[in-house]
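Asks: any chance you can model this:
(chains A, B, C and D)
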Amino acid sequence: MAQQVKIDPDAVRALAELLRETDLTEIEYQIDSLRIKVLRSVPQAVVPVSVQPTPSAADQTPQKESIATPASDNLENHPGVIEAQMVGTVYLSPGPEAAPFVSVGDTVSQGQTLFIIEAMKVMNMIKAPRSGVVKHIFVKDAQPVEYGDPIIIVN
Amino acid sequence: MAQQVKIDPDAVRALAELLRETDLTEIEYQIDSLRIKVLRSVPQAVVPVSVQPTPSAADQTPQKESIATPASDNLENHPGVIEAQMVGTVYLSPGPEAAPFVSVGDTVSQGQTLFIIEAMKVMNMIKAPRSGVVKHIFVKDAQPVEYGDPIIIVN
Amino acid sequence: MIKKILIANRGEIALRILRACKDLGISTVAVHSTADADAMYVRLADESVCVGPPSPRESYLNIPAIISAACITGADAIHPGFGFLSENATFAHMVEEHGLTFIGPKAEHIAMMGDKIMAKKTVARLGLPTVPGSEGAVTRLEKAIATADEIGYPVLIKAAGGGGGRGMKVAHSKDEFVQAYETARREAGISFGNDRVYLEKYLANPRHIEFQVIVDQFGNAVHLGERDCSLQRRNQKVWEEAPSTVLTPEFRDKFGRKIAKSMSELGYLGVGTLEFLYENGELFFIEMNTRIQVEHPITEMISGVDLIREQILVAAGEKLSFTQDDIIFRGHAIECRINAENSDTFMPSAGKISNYHCPGGPGVRVDSALFDGCKIPPYYDSLIAKLIIYARNREQCLARLRRALNEYVIEGVDTLIPLHLRLANNEDVIKAHFDIHFLERIAEKEN
Amino acid sequence: MIKKILIANRGEIALRILRACKDLGISTVAVHSTADADAMYVRLADESVCVGPPSPRESYLNIPAIISAACITGADAIHPGFGFLSENATFAHMVEEHGLTFIGPKAEHIAMMGDKIMAKKTVARLGLPTVPGSEGAVTRLEKAIATADEIGYPVLIKAAGGGGGRGMKVAHSKDEFVQAYETARREAGISFGNDRVYLEKYLANPRHIEFQVIVDQFGNAVHLGERDCSLQRRNQKVWEEAPSTVLTPEFRDKFGRKIAKSMSELGYLGVGTLEFLYENGELFFIEMNTRIQVEHPITEMISGVDLIREQILVAAGEKLSFTQDDIIFRGHAIECRINAENSDTFMPSAGKISNYHCPGGPGVRVDSALFDGCKIPPYYDSLIAKLIIYARNREQCLARLRRALNEYVIEGVDTLIPLHLRLANNEDVIKAHFDIHFLERIAEKEN
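Replies: The predicted structure follows:
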C-alpha cells in the first residue's frame, strides 16, 4: 500500500513567505522526521553585487572620501537621529570660547537650539523638533557636513 | 525482486503546485524514509537573459541564422544521437538517384554506412558506431551541417 | 592653476567633465542628490557631497548648498555643465563673490544672452544676421499688428524670457494674430515672470545650424565650425551632425571668423554657441547658449579639440593653445541622443538598467554614466547616453552608426535607440534632406 | 565586390573584422568552436558555423572545416585575422583554389616572409637595412663559429622557421656558442620541423620599431608610419605607441616611402608590417608580418585610416582610396593589451567575466569582445581587450590612459590592468626611456 503523505502546505507557504520576507535564498526546516527545505533563486541578491562597477583593485588614485565620518554606523539608523538639512559647517557651540549648546545626557525641550549649520556665511540655528534626551552626537565642532548626515540623536 | 515503489503522484503534484504558486525553484519534502524534492529550472529564463547582451529589440539587421534546422529539439538530447563530426554537406544516399542508406525503422549493424558528409570535395562515409534501430533522421538530403549537429538516432 | 573643481551637475555631463579634470590632473568634487548617491560620476569622483533630496530645486538648483559644498571641500572652481545653474547669472556672480572660479562666461554675458531681445540686438550690433522682426519688445497691440504686417505672415511671437523652444506662438495670418499675441504675453508672464514678447519672421522649412566658439581672457577667439541640429522634436534636439551638408568650406571659414571676431569684440569668455536658422542659403541668428552644449562631442571629433579641457584652461586664465589656422576639420561626426524615452510616444521611462552593453571599435565614442544595474530616477532629464560616431565621410559615418546602434544594448528602460535606427535608415536622412520640422512630420506619418 | 566574408578567427579581432564588414555593408559568417558558441562575435554575426571542439587544432586551425563552412554558407572571401591560419601559405592557397578571396597577401609572399632567412635576404635585396649576420642558414658548426667571430659577440642564433620571439638563443661569448648553436638547431627541428638556423648580431638595448604598409593590386603602396612596441615580455608585446618618440618626421617620411616603394617592387598585396630593431639612430630589419597586427588600432588613430576596411577593399580588387600625400599623422596613440593574466606572475587566468564596465569619453577606444557574464575559455590566447587611447600629444595621452585604466572594471579573471597602471605611472615610461628589455628589468626589480 502506498504510503499516504500528508503534505502540510501551510508550513511550506509559511516558509516561502519567510523566505521572501527575510530575503533569504534557502530555508531548511526539520522537526523530528519531518524536514522541509525551500529555496529561491534571487537574481536581486546577485545582480546588485554583479552590477556595481567599482574602481578596479589596481586603482592607484586616492580613495574617494566621504566628508562625514560618523562615530558609529549602528546609531545612524536610530529613530531619534536629527540629520543635516543642508550642506555646510556644523558648530556645536554659539562661539569659539562658549560652552556647547547641548552635551550627551542633557535633557532638551522642543524648540531649543541644538547646533548651528553655517552655509554661505549664514548661521542656521537648528532647533530640537521634540523634547528628549541627547543620546549621541555624531560630529565634532566645525566639521563639514553634507545633506542627510546624522548630527545628533534626541529621544 | 525489484523493490516496489509506490509513487504518490498527488504529493508530487501538490509540491509542484506549491512551487509554482510560491515562485520557488526547489522544494524538498521528507517524512521518515520518504523524501520528495521538486525543482524548477527558471534560470534559463532569467539569468542568461541578464548576462547575454543580444542585439537590441530594435535590431533591424536580419536575425542570425543557424544553418541546422533540427526536426525536433527534444530528440537532440537522445543518448543514441550521432552528431556531425565535421562541417560539410550531408548526403543520405550514395548518389542522386539512389535509395537512402537507411530509413527510420531500419535495423542497422555496427559499421554499416549511415550517411556521407562531404567536406572539400571529399566524401566521408559515416558508419554506425553500434548496431540498433534508426529512430529518427534530423536532416534532409544535401543539407549543410556544422560540427555537433545531430544527424541520426540509432538505438 | 585650478587644483580642484566642483562639478555642479549630474549624469553623463558630470562624468564628461570629471574625465576632462582627470586628464588635466585636477581633483574632482561631485555633488549629488540622495537619488544619485550611487551614480557613476559620484563613484569616480575624488570626493562627493550630498546636496539635497531628489527634487532638483532642493539639490542641483540649490545655490547655497552647492557653494557651501565647494567651500567645505576646498574646491577652487565650479563647472556648471549644461542645464541646472549653467545659465544662471546670479549663480555665476555668487560663485565669483565667494572667491571661486566660475567655469563659464562672465555673469553679464550670461544675463545679456539670457534675454532673447537683448541677445538679438547685441549680435545685430556686432554685424551678424538676425531673423527679420520687431526691434525689441512690442508692448502695444496696434504696434504689434503693424510690425507683423511689415514682417509678413507667418509671424512668430516669442517670449523675451523664453528659450529652448519654450514660449513661442505662430500666427499664420492677420486673423490669428491678435489671439496668438495676447496668449503669448499671458503665458510668458506666467512662465517666465516677464510678459515681454517680440516678433520674428517665421521661417517655413529652416535648418538649425549653430556655430561653436571659444574665447580666452586675452581676447583670442576661435570658431570650431558648425553643427546641424535640425532633427528635433518639440524643439529638443535628438540627432546632431558636424559639419552640416549645406555650408561650403569657404562660407564656413568666412562666417565662422566673423562670429569669432564679434565674440572677441564683445569680450566674451569661454565656450559658447550661436544658434542660427538656415533657409535659402542664409543664416539668421536666433539665440546664444553661454555654456557647453550636449552636442559638443561631434565638434571635438572633427576638430580634434577637447572642448571641456580648453574650457577649463581658459577659465583658469590660460591662453588658447591654438589659433584659427591650427583648426583643420576632418571627417564627419553624428551624435544620437539616447534618451530614456519610448521611441514612439516619447514618454520618459525610469527604471533600473540591465544587460548594459555599449558598442566599441573604431570611430565609436560613448559618453554615458550608465552601468549595469544603475537606476534612472524619474526626477531629471531623460538623456542617459550619447552615441558619437566618427568616420571619414558622412556615408561611412551613417554605416558605422547603424552598426553601433545595433550593437548597443540597454534594457530596463525604453530608449530612443529604435528611433535612431529608423532615422539612420531613412532615405531623407541618408540624403541629409531635412529641416527642423522633419522629425515631427515623420512621426505624424507613422502614426 | 565581396558580399559575404567568413571570419576565420575568434575574440576581439573577429569582432573587429565583423565591425569593418558591417561598416562596409558586407555580410558576415562567424566560425567558432563549441567553447565559443556564446561569444559576442558569434552573436553579432549574420550567420555562424560551429567548426569543431575547443582544441584549436580541431577548430580554428581546421582548414577543411573552415573552407567547408565558407562553401556551405556561400561566403566569397575569408579573413584570417591574426594568429591561427593567418600566416599559413597552404591555407591561403587552398582558399584561392576554392574560388574564394583570401583577405591577405599572395601565398608566395606569406611563404617567403615566413622563412626568416628568405625574408631577410629579400628585404636586403630591396635595399632595406638588416641586422648584420650570416648570409642565410649556417649548417656547419665550423662555419657558424667563424661567422660569429666575424659578427662579434653577443650573437643571436635564430631558427629560420621561428618568429614572434620563438626559437632564439643568445651566445654572449665564444665559450657559450657551441652549446647554444647545437641546442638551437635541435629545438628548431622539434618545434618547426626545420632545423635551419642563422646568426645575427645581438643588439644590447634596441627598441622595437615597426612600419605599417598597405599595397593594392595596382602596385600603389602607402606607409602609415611606425609603432614603437618595445614594451615586451618574453617577446610578447604588451604596450604599443604611435608615433615613436625616436624618429623625426623627416626620417619617418623618407624611410617610410622607401619601405612602401620596396613593397610595391615586391608585388606585395594588402597590409603588412616590417619589424625593425632600432639602436643608435639605425633601424635593422628583423621580420615581416604578412597580416593585420594586434596593434593596428594605434596607427588608425593617428592616420585616420581604417586599416581593416582598406585591407578588405584592396583584397576585393579596389584601388587604394588615398595616396601617401593624403596621410597626415595627428596626435599620439597608446594601446594597452589587456590580457587575462596575473599582472605579477603573468599566469593565464580563465573564468567568467563579471562587473564588466569599460571606459568611455573622448579619445578612448575599446576593442574587445567581452561582455558581462561571458566566459574566458582556457584554450586560447589570453588577449581579451585592447584599450586604445588617443590625444593631441604623448603627455595628454598618458594622462588620459591613467584615467581610462582607472575606469576599466573587469572582474572574474586576473588582467594586466594593474601592470599597465604601473607602467603609465613609471618615470621611464613617462619619459619614453625604454628598450625591449625594459619590462623584464622592472619585473626583476619588483620581485
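Asks: wait, residue A:106 sits on residue A:132?
Replies: No - counting by CB atoms under 8 Å, residue A:106 sits too far from residue A:132 to count as a contact (9.7 Å). No exception for glycine: its C-beta is placed from N, CA and C like everyone else's.
Asks: which helices and strands does the strand or helix carrying residue C:265 pack with?
Replies: Element membership for residue C:265 (DSSP states H and E) is helix C:249-266. If you count contacts as 3 or more CB pairs under 8 Å, 6 or more residues apart in numbering or on different chains; DSSP states H and E, helix C:249-266 packs onto strand C:207-215, strand C:221-233.
Asks: pLDDT score assigned to residue 14?
Replies: With no chain named, the answer covers chain A. On pLDDT, residue A:14 comes in at 73.
Asks: my bad, chain C
Replies: The per-residue pLDDT reported for residue C:14 equals 98.
Asks: ok, now the one 4 residues further on?
Replies: The predicted local confidence for residue C:18 comes out at a pLDDT of 98.
Asks: so it is in contact with residue C:41, correct?
Replies: Yes - between residue C:18 and residue C:41 there is a contact under CB under 8 Å: 5.6 Å.
Asks: the two: who's more crowded?
Replies: Counted by other CB atoms under 10 Å in any protein chain shown, residue C:18 and residue C:41 do not tie: residue C:18 has more neighbours, with 29 against 25.
Asks: show me which helix or strand of chain A is least confident by mean pLDDT.
Replies: helix A:43-51 (a mean of 29; mean pLDDT, DSSP states H and E).
Asks: could I get stretch A:103-114 in CSV with only the CA atoms?
Replies: Output of stretch A:103-114 as CSV, limited to C-alpha atoms (Å, rounded to 0.1, in the frame of the first residue of the first chain):
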residue,chain,number,x,y,z
SER,A,103,26.0,67.5,25.6
VAL,A,104,25.3,63.8,25.7
GLY,A,105,22.9,63.1,28.5
ASP,A,106,21.3,66.6,28.5
THR,A,107,17.5,66.8,28.6
VAL,A,108,16.4,69.2,25.8
SER,A,109,13.0,70.7,25.2
GLN,A,110,11.3,71.2,21.8
GLY,A,111,12.5,74.4,20.1
GLN,A,112,15.8,74.5,22.0
THR,A,113,18.8,75.2,19.7
LEU,A,114,20.9,72.0,19.3
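Asks: residues of that stretch that come out buried?
Replies: For stretch A:103-114, a neighbour-count test (16 or more other CB atoms under 10 Å in any protein chain shown) marks A:108, A:114 as buried.
Asks: same deal with stretch C:254-271?
Replies: For stretch C:254-271, the buried set under the neighbour-count rule, 16+ other CB under 10 Å, comprises C:255-256, C:258-260, C:262-264, C:266, C:268-271.
Asks: skipping adjacent residues, who's closest to residue C:63 in space?
Replies: Spatial nearest neighbour of residue C:63, excluding adjacent residues (CB to CB, 6 or more residues apart in numbering or on different chains): residue C:91 at 5.5 Å.
Asks: just residue C:112 next, same as before
Replies: Spatial nearest neighbour of residue C:112, excluding adjacent residues (CB to CB, 6+ apart): residue C:118 at 5.3 Å.
Asks: that neighbour and chain D: what is the separation?
Replies: Distance of residue C:118 to chain D, given as CB to the nearest CB, to the nearest Å: 34 Å.
Asks: that residue: what secondary structure?
Replies: Put simply, residue C:118 is helix when judged by DSSP: H, G, I helix; E, B strand; the rest coil.
Asks: go ahead and confirm it touches residue C:108.
Replies: No - with contact defined as CB under 8 Å, residue C:118 does not reach residue C:108; the gap is 10.7 Å.
Asks: wait, residue A:150 touches residue A:76, no?
Replies: Yes - checked against CB under 8 Å, the pair residue A:150 and residue A:76 is within contact range at 5.1 Å.
Asks: compare these two and say which one has the larger neighbour count.
Replies: For residue A:150 versus residue A:76, neighbours defined as other CB under 10 Å are more numerous around residue A:150 (23 against 16).
Asks: measure that one to residue D:54 for me?
Replies: From residue A:150 across to residue D:54, the span is 55 Å (CB to CB, to the nearest Å).
Asks: ok, now residue C:399?
Replies: Applying CB to CB to residue C:399 and residue D:54 gives a distance of 35 Å.
Asks: try residue A:131
Replies: Separation of residue A:131 from residue D:54 (CB to CB): 73 Å.
Asks: neighbours around the nearest residue to residue C:151 once chain neighbours are set aside, how many?
Replies: Nearest residue to residue C:151, sequence neighbours excluded (CB to CB, 6+ apart): residue C:201, at 5.0 Å. Counted with other CB under 10 Å, residues neighbouring residue C:201 total 18.
Asks: shouldn't residue C:201 be in contact with residue C:147?
Replies: No - Residue C:201 lies out of contact with residue C:147 (CB under 8 Å); the separation is 10.8 Å.
Asks: what touches both of these two?
Replies: Counting by CB atoms under 8 Å, 6 or more residues apart in numbering or on different chains, the residues touching both residue C:201 and residue C:147 are residue C:133.
Asks: now do the helices in chain A.
Replies: Using DSSP state H, the helices of chain A run over A:9-22, A:43-51.
Asks: any idea which residue of chain C is furthest from its center?
Replies: Distance from the centre of chain C peaks at residue C:142, with 36.1 Å (CA atoms, centre = their mean).
Asks: the more surrounded of residue A:131 and residue D:54?
Replies: Higher neighbour count among residue A:131 and residue D:54: residue D:54, with 15 against 12, using other CB under 10 Å.
Asks: how about residues contacting stretch C:366-375?
Replies: Applying CB under 8 Å, 6+ apart, the external contacts of stretch C:366-375 come out as A:47-48, A:50-53, C:11-12, C:14-16, C:35, C:38-41, C:297, C:338, C:350-356, C:358-359, C:384-388, C:410, D:355-357, D:360-362, D:372.
Asks: now restrict these to buried residues only.
Replies: A:47, A:50-53, C:11-12, C:14-16, C:35, C:39-41, C:297, C:338, C:353-356, C:358-359, C:384-388, C:410, D:355-357, D:360-362, D:372.
Asks: need the contact list for residue A:107.
Replies: Counting by CB under 8 Å, 6+ apart, residue A:107 touches A:131-134.
Asks: let me fix that: residue C:8
Replies: C:31, C:60, C:66, C:78-81, C:84-85.
Asks: between those residues, which is nearest chain B?
Replies: Distance to chain B across those (CB to the nearest CB) is lowest for residue C:81, with 28.2 Å.
Asks: quick revisit: got the angle between the helix holding residue C:265 and strand C:207-215?
Replies: In terms of direction (axes from the mean of the first three to the mean of the last three CA atoms, to 10 degrees), helix C:249-266 departs from strand C:207-215 by 50 degrees.
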